[in-house]
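J.: take a look and give me a structure for this.
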Amino acid sequence: MSVSNQLLRTLRITKSNISRNMPTLPAKISPLFTHFEKWAGKPRKLLIKDSTALKSFNLELNSNPFAQLLSSPTRLDRISKVKLPKLLSIQVGTNIKSPNPSMKFKVNSNFKDKSRSSHSYILNKLSVLEKNLKNSRSALPLHVLANLNNENKNLSVKFNSGELLDEYLSDTKQEIIYGLTRLMTIRTNSSKPTSSNIIVKYDTSDNKTLKIDTRTTCYEYTLTFNLAKIQDSQLECIFNKAHQQLYLNEKSDMAIILQIYRLLMFLD
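T.: Purely as a prediction, here's the structure:
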């Protein structure tokens, strides 16, 4: 049955009018600002209606190294099978295409790995790894293991957990030594940077590796890292020249702050 041109024209006009008169949908607003979330244990909802205040709040988090650490993309720990922030983990690099495949625990000074090589993640904790890192299969990516099982049954990956952990510790210390040496040339105890609330020292008389002092009058804090537990003569020499301590700025020195925290987390 054919449809007349007049009827088709009428239907098109009607459809056009309906779509033109549809109400505008409201802009999406996060439930963090509109709902009371009992499951999160919040005493009340967030009432930040001023966009300027919200922008300032976000900028403060962007310059906070620990907010960056906790908000880094999650990765699955190959040993515990638990998802963790990327910066709390060690990236395991694997060059499976080489004649003698091997593993390496990567130390990324800029914390941005853009390589396309096969890798996985394990918890950045020496005591846990010494106990649970038994063989290469506990750390290798699953797709690499599948490739070894299906195509290269006679191919083995070079693995020695003690050597890998020692190499990672040595490489991490060298990164920190390089960063602190560079800072020492431009910053000493007498040249404290503006708005500094992070102190790094090497004090063998203090057994605390991390200390936080809060100020009761406001929400500011002072964080002190003590690197004496590392027991490294190069670090001790650096701090002898720097009058026993260095002042760091959260924003400009974020990379070295995260490296120091990761090293102390690894050893503690």
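
J.: can you give me the helices in this structure?
T.: 5-20, 51-62, 65-70, 126-132, 142-150, 161-184, 233-241, 254-267 (DSSP state H).

J.: so where's the stretch 151-268 of the chain uncertain?
T.: 151-155, 187-196, 215-219, 242-243 (pLDDT under 70).

J.: below-threshold pLDDT in the stretch 1-150 of the chain: ranges please.
T.: For the stretch 1-150 of the chain, the ranges with pLDDT under 70 are 1-5, 7-60, 96-99, 108-118, 148-150.

J.: to Ser89, which of the helices of the chain lies closest?
T.: helix 254-267 (9.5 Å; C-beta to C-beta). Every C-beta, even on glycine, is put in place using the N, C-alpha and C of the backbone.

J.: so which elements touch the closest one?
T.: helix 65-70, helix 161-184, strand 221-226 (3 or more C-beta pairs under 8 Å, 6 or more residues apart in numbering; DSSP states H and E).

J.: could you redo the last one with a cut-off of 7 Å?
T.: Using 3 or more C-beta pairs under 7 Å, 6 or more residues apart in numbering; DSSP states H and E, the elements in contact with helix 254-267 are helix 65-70, helix 161-184.

J.: please name whichever of these is nearest to Ile199.
T.: Nearest to Ile199 among the helices and strands packed on helix 254-267 is helix 161-184; the distance by C-beta to C-beta comes to 12.5 Å.

J.: what residues are up against Met265?
T.: Asn124, Lys125 (C-beta atoms under 7 Å, 6 or more residues apart in numbering).

J.: give me that answer again for 6 Å
T.: Residues near Met265 by C-beta atoms under 6 Å, 6 or more residues apart in numbering: Asn124.

J.: try Ala67
T.: For Ala67, the contact set (C-beta under 6 Å, 6+ apart) comprises Leu61.

J.: with Leu258 as the reference, measure out to the residue nearest to Lys134 when sequence neighbours are not counted.
T.: Sequence neighbours aside, Ser161 is the residue nearest to Lys134 in space, at 7.4 Å (criterion: C-beta to C-beta, 6 or more residues apart in numbering). Distance, Ser161 to Leu258, using C-beta to C-beta, to the nearest Å: 25 Å.

J.: can you count the residues close to the nearest residue to Gly179 once chain neighbours are set aside?
T.: Excluding the flanking residues, the one nearest Gly179 by C-beta to C-beta, 6+ apart is Ile256, at 4.1 Å. Neighbours of Ile256 under the rule other C-beta atoms under 10 Å: 22.

J.: same check on Ala255?
T.: Ala255 has 15 nearby residues by other C-beta under 10 Å.

J.: Ala146 too?
T.: 11.
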